[in-house]
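[1] let's see this in three dimensions:
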Amino acid sequence: MELVIQSIINGLIQGGFFALFAVGLVLIFGVMGVVNFAHGELVMIGAYTIWLVHAQYGFPYLPTLLLAIVLVMGIGLLMERFLFRPTRSDPLAGLICSIGVLFILQVVATLIGGDGPSKQVPPPLDGTLVVLEFIRIPYQRLFGLGVSALALLTLWYFLTRTRLGWALRAVALDREAAALQGININVISFIAIGVGAGLAGLAGGLMAPLTNINPHMGHNVIITAFIVTIVGGVGSLSGAVYAAIIYALFHTFVTVYLGGTVATICGLILMVLVLIVRPTGIMGVRVSE
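    The predicted structure follows:
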């Protein structure tokens, strides 16, 4: 029973991280119509920033976390302006460009930190919260869960209570109709990838003290993001959040009892089953042409 409760708590915390980068991927795809295969590498760059600036040079964690968000957001904005905007009429070209960025970021990370053993970042917050004498939650994980929840709530408020948020949702629903209403598609795309990349940088920065950091960690991130996106419903932000929590709990329990590799395989099987039973995902909506 203790192991089950501890696994549920760990799964909920992991679900917060999954939701951050999956929601960013969904937002970019919904507004821009491009599948950003480099999204996992954006998370990796966020983690590498924490390792290099905080763990190696001793800069305080919170300012470094902010730096990771700004840096990754900047990379995303450059991608939009010089890669995705010129190829907007050809989604395949945008996808290929993102794959190119994926390899470039991996090479940059390898040049900075080498391709040896995975990097470790000591948790900036020491100590563990003990509940009922058998449930142990490190303060670093609690901090990550709190920041993830705050970021997602802020995004929800932005999308549902502000004019820019309404414009983003309008472009995601119908780009041509939004343009006819006077919405600047270039500006909205710029904002969408900035927010999505910023969430990826935040996810990487929060995960850095809790995971192994290496140039290829983006592979697992993008696989997880695609599973969450498809299970939740392509284009559905709320579906991505729900699916992130469900998949994180599922992945945590399978990892505890069967191992991480089996958990990833089972996650892919889960995605296939969802596509068979409900092709639109948990909260996706079937759209007629």
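
[2] can you list the low-confidence ranges for the stretch 151-289 of the chain?
    Residue ranges of the stretch 151-289 of the chain with pLDDT under 70: 284-289.

[3] tell me the buried residues in stretch 136-154?
    Judged by neighbour count using 16 or more other C-beta atoms under 10 Å, the buried positions of stretch 136-154 are Ile137, Pro138, Gln140, Arg141, Leu142, Phe143, Gly144, Leu145, Val147, Ser148, Ala151, Leu152. No exception for glycine: its C-beta is placed from N, CA and C like everyone else's.

[4] pretty sure the last one contacts Ala22?
    No - using C-beta atoms under 8 Å as the test, Leu152 is too far from Ala22 to be in contact (10.6 Å).

[5] how far away is Met1 from Leu62?
    Per C-beta to C-beta, to the nearest Å, Met1 is found 37 Å from Leu62.

[6] let me fix that, I meant to ask about Pro124.
    Counting by C-beta to C-beta, the gap from Pro124 to Leu62 is 8 Å.

[7] who's more crowded, the two?
    More crowded of Pro124 and Leu62, by other C-beta atoms under 10 Å: Pro124, with 18 against 13.

[8] pull the contacting residues for that one.
    His54, Tyr61, Gln140, Pro209 (C-beta atoms under 8 Å, 6 or more residues apart in numbering).

[9] tell me which of the residues you listed fall in strands.
    Nothing among these maps onto strands, per DSSP state E.

[10] and the strands in the stretch 51-200 of the chain?
    Ranges of strands in the stretch 51-200 of the chain, per DSSP state E, counting those that start in this stretch, are 128-131, 135-138.

[11] remind me, longest helix of this structure?
    For the chain, the longest helix by residue count, based on DSSP state H, is helix 2-32.

[12] tell me what the helix or strand that it is followed by is packed against?
    Following helix 2-32 in sequence order, the next helix or strand is helix 39-49 (DSSP states H and E). If you count contacts as 3 or more C-beta pairs under 8 Å, 6 or more residues apart in numbering; DSSP states H and E, helix 39-49 packs onto helix 2-32, helix 61-79, helix 91-113, helix 185-207, helix 218-232.

[13] most tightly surrounded among the ones you listed?
    helix 185-207 (a mean of 25; mean count of other C-beta atoms under 10 Å).

[14] and that helix with helix 39-49, angle?
    With axes from the mean of the first three to the mean of the last three C-alpha atoms, to 10 degrees defining the directions, helix 185-207 sits at 50 degrees from helix 39-49.

[15] sorry, back to before: between the strands of the stretch 51-200 of the chain, which one is closest to Leu12.
    Closest to Leu12 of the strands of the stretch 51-200 of the chain is strand 135-138 (C-beta to C-beta; 10.1 Å).

[16] other residues contacting that closest one?
    Against strand 135-138 from outside (C-beta under 8 Å, 6+ apart): Glu2, Ile5, Gln6, Ile9, Ile13, Pro123, Leu125, Gly127, Thr128, Leu129, Val130, Val131.

[17] out of those, who's nearest Thr280?
    Ile13 (28.6 Å).

[18] pLDDT score for the closest one?
    Listed pLDDT for Ile13 reads 89.

[19] one step back: now the angle from the longest helix of the chain to helix 39-49?
    Using the same axes, to 10 degrees: helix 2-32 against helix 39-49 is 120 degrees.

[20] show me what helix 2-32 is packed up against.
    Against helix 2-32 (3+ C-beta pairs under 8 Å, 6+ apart) you get helix 39-49, strand 135-138, helix 139-161, helix 163-173, helix 185-207, helix 218-232, helix 237-258.

[21] can you count the residues close to Gly259?
    11.

[22] equivalent analysis for Arg163, please.
    7.
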